[in-house]
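Student: give me the fold of what follows.
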Amino acid sequence: MNKEFIDFVKAHESEDTARLLLSGRRYPSFDMAAVVQQIEGRRTAREKWPSLLSCEGFLYPPRLNREQASSEVTAVHKAGLCLQRLDGQGGKGDGLSMPMRIADLTGGMGIDTFALAGWKAEAPLSGDAPLRAEAPIEAEVDYVEQSEELCRIARSNAEALGLRNVHVHCGDSMEWLRRQDGRYDLIFIDPARRDERGRKVAAFEECTPDILAHRELLMSKSEELLVKASPMIDITLGAAQMGGVSDIYVVAVQGECKEVLFRAGKGDGEPLIHCHHLHHGRTDEFVFTRKEEDEAEASYASEVKEYLYEPHAALMKAGPFKMLSQKEEVDKLARNTHLYTSDRFIADFPGRIFKVLTEIRPTRKEVLKWLPEGRAHVVTRNYPVAAAELQRQMGLREGGEHYVLATSVGRRRSVYLCHLA
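Tutor: Model prediction:
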């Protein structure tokens, strides 16, 4: 990608891309489809990979590959987890040993590969607080991808980012792996989660490649395997199917569950479940085992007190609900209501904290008495009516500083007017 092309992309970055596609006669020197691909890629990068905007030679792949790629914040966080773990186990970060050998068997856009190879985000998102190893670790990273176009782009981008330790290989990843000598310290794989009709799937056996079918090969070639799964996967079932799982990482960013990662290798006990919430420049971590949750005892509320607590998305996915009650000394609203209450303000509770103003009846007349501007955020938890429908029934518009929180306390359905504490 030459400077003239880059300058043209930047000069037209704010224009309507549909019109640009039809303006090829005006700009015969440029492939307008390629121009539009780069413009749309740069627009996505503003939110998803802001550091890449400072790398002028970076090429953005087609839209589907951009959509499937990890965000900058999750890629850097994931690399930090991997390298920290390997450094603690192998001691190869001392500069005296051979570099780590890592393979990314589902290269795609290459964001995860680049992060594993040491790419540092210069302008990370506000939610980026990666668990990096304290010292940089040398790693030789093999990128494997069957698309020749993506391989061409990955080679160019590795060079643009100055990552000489990235080695690009084009072909079927499992066939490529069979031909490799020696063992890797870590293999990373992010199977495609779409079926033949393009519908989203979650179970390992429905993804491509099927890691369960290839598990023996994968583990024969690596000390450890890190698998990125759908946020919708059943964690307990996934760990049982894969076998040898030592750690499960549930990663949320700014309140939304983004990734579930399974680390498999020589694990022979119950896996540790790590709940990570990346937000406002920090990482909240809650670690537990399923046995600890089963043995924990929650206390239950008879009524809602001054504060309501909603666990963050990683906790809601992983489910240490009794442990939260026990550890944070808060009362759970009901067995199937994953909200908590207390009269004491717990500033470091891992999630959102609401100050309860009053209990209300969910009618238009009652709501307008308390909210004359007719705006609020509606949240439902273990309540028979969905949030959007309840919002319509109460005649509310989205917005404002108040929250209407509908839930169940014991067997009683209740609605509360709150604001964030």
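
Student: which other helices and strands does the helix or strand that contains Arg46 contact?
Tutor: Element membership of Arg46, judged by DSSP states H and E, is helix 32-48. Where contact means 3 or more C-beta pairs under 8 Å, 6 or more residues apart in numbering; DSSP states H and E, helix 32-48 is packed against helix 3-11, helix 17-21, helix 63-68. Placement of C-beta: from N, CA and C, glycine included.

Student: what about Ser414, is that helix, strand or coil?
Tutor: Using DSSP: H, G, I helix; E, B strand; the rest coil, the structure places Ser414 in strand.

Student: for the helices and strands packed on helix 32-48, give me TSV that also has distance to Ser54, mean pLDDT and mean neighbour count.
Tutor: Formatted as TSV, these follow (distance: least, C-beta to C-beta, whole Å; pLDDT from 0 to 100; neighbours: other C-beta atoms under 10 Å):
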stretch	distance to Ser54	mean pLDDT	mean neighbour count
helix 3-11	13	87	13
helix 17-21	22	88	13
helix 63-68	18	94	15
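
Student: and the strands in the stretch 201-350 of the chain, which stretches?
Tutor: 225-229, 245-253, 256-264, 272-279, 282-288, 299-300, 307-311, 331-334, 337-342 (DSSP state E, counting those that start in this stretch).

Student: for Val227, which non-adjacent residue is spatially closest?
Tutor: Phe262 (4.6 Å; C-beta to C-beta, 6 or more residues apart in numbering).

Student: and that neighbour, how far is that from Glu13?
Tutor: 39 Å (C-beta to C-beta, to the nearest Å).

Student: these two: which has the busier surroundings?
Tutor: Taking other C-beta atoms under 10 Å, Phe262 and Glu13 do not tie; Phe262 has more neighbours (24 against 14).

Student: list the contacts of that one.
Tutor: Leu225, Leu226, Val227, Ala229, Gly238, Ala239, Met242, Val245, Asp247, Ile248 (C-beta atoms under 8 Å, 6 or more residues apart in numbering).

Student: how is the chain carved up into domains?
Tutor: 3-48, 66-288, 299-420 (automatic domain parsing).

Student: what would the ones you listed look like in a markdown table with distance to Phe58?
Tutor: Shown next, in a markdown table, are the domains of the chain (distance: least, C-beta to C-beta, whole Å):
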| stretch | distance to Phe58 |
| --- | --- |
| domain 3-48 | 8 |
| domain 66-288 | 5 |
| domain 299-420 | 30 |
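
Student: with respect to Ala79, which of the strands of the stretch 201-350 of the chain lies nearest?
Tutor: Nearest to Ala79, of all the strands of the stretch 201-350 of the chain, is strand 225-229, at 10.3 Å by C-beta to C-beta.

Student: now do Pro362 against Gln146, distance only.
Tutor: On the measure of C-beta to C-beta, Pro362 and Gln146 end up 53 Å apart.

Student: more neighbours: which of those two?
Tutor: Counted by other C-beta under 10 Å, Pro362 and Gln146 do not tie: Pro362 has more neighbours, with 19 against 15.

Student: of the strands of the stretch 201-350 of the chain, which is nearest Leu371?
Tutor: strand 307-311 (17.8 Å).

Student: send the alpha carbons of that closest one over as PDB?
Tutor: Extracted C-alpha coordinates of strand 307-311, given in PDB (Å, rounded to 0.1, in the frame of the first residue of the first chain):
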ATOM      1  CA  TYR A 307     -28.700  -0.700  48.200                       C
ATOM      2  CA  LEU A 308     -29.100  -3.200  45.300                       C
ATOM      3  CA  TYR A 309     -26.100  -4.900  43.700                       C
ATOM      4  CA  GLU A 310     -25.900  -6.400  40.300                       C
ATOM      5  CA  PRO A 311     -22.900  -8.600  39.500                       C
END
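
Student: can you tell me what sits against it?
Tutor: Here strand 307-311 has contacts from 321, 324, 328, 330, 338-346, 349-356, 379, 381, 405, 416, 418, 421, using C-beta under 8 Å, 6+ apart.

Student: filter these down to the buried ones, PyMOL style.
Tutor: Only the buried entries of those go into this PyMOL selection, using 16 or more other C-beta atoms under 10 Å:
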select buried, resi 321+324+328+330+338+339+340+341+342+349+350+351+352+353+354+356+379+381+405+416+418+421
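
Student: returning to that earlier point: in a markdown table: the strands of the stretch 201-350 of the chain, plus distance to Asp210.
Tutor: Converted to a markdown table, the strands of the stretch 201-350 of the chain look like this (distance: least, C-beta to C-beta, whole Å):
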| stretch | distance to Asp210 |
| --- | --- |
| strand 225-229 | 11 |
| strand 245-253 | 17 |
| strand 256-264 | 14 |
| strand 272-279 | 24 |
| strand 282-288 | 30 |
| strand 299-300 | 43 |
| strand 307-311 | 33 |
| strand 331-334 | 39 |
| strand 337-342 | 33 |
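
Student: out of the ones you listed, nearest to Glu401?
Tutor: strand 307-311 (15.7 Å).

Student: report the angle between that closest one and strand 337-342.
Tutor: 140 degrees (axes from the mean of the first three to the mean of the last three C-alpha atoms, to 10 degrees).

Student: strand partners (parallel or antiparallel) of strand 307-311?
Tutor: Here strand 307-311 is paired, per DSSP bridges, with strand 337-342 (antiparallel), strand 351-360 (antiparallel).

Student: what lies in contact with the first one?
Tutor: Translated: strand 337-342. So strand 337-342 is contacted by 301, 304-311, 316, 321, 324-325, 328-333, 349, 356, 381-382, 405, 407-409 (C-beta under 8 Å, 6+ apart).

Student: kindly report the same for stretch 190-199.
Tutor: So stretch 190-199 is contacted by 68, 70, 106, 108, 112, 200-202, 204, 206-211, 227-228, 230 (C-beta under 8 Å, 6+ apart).
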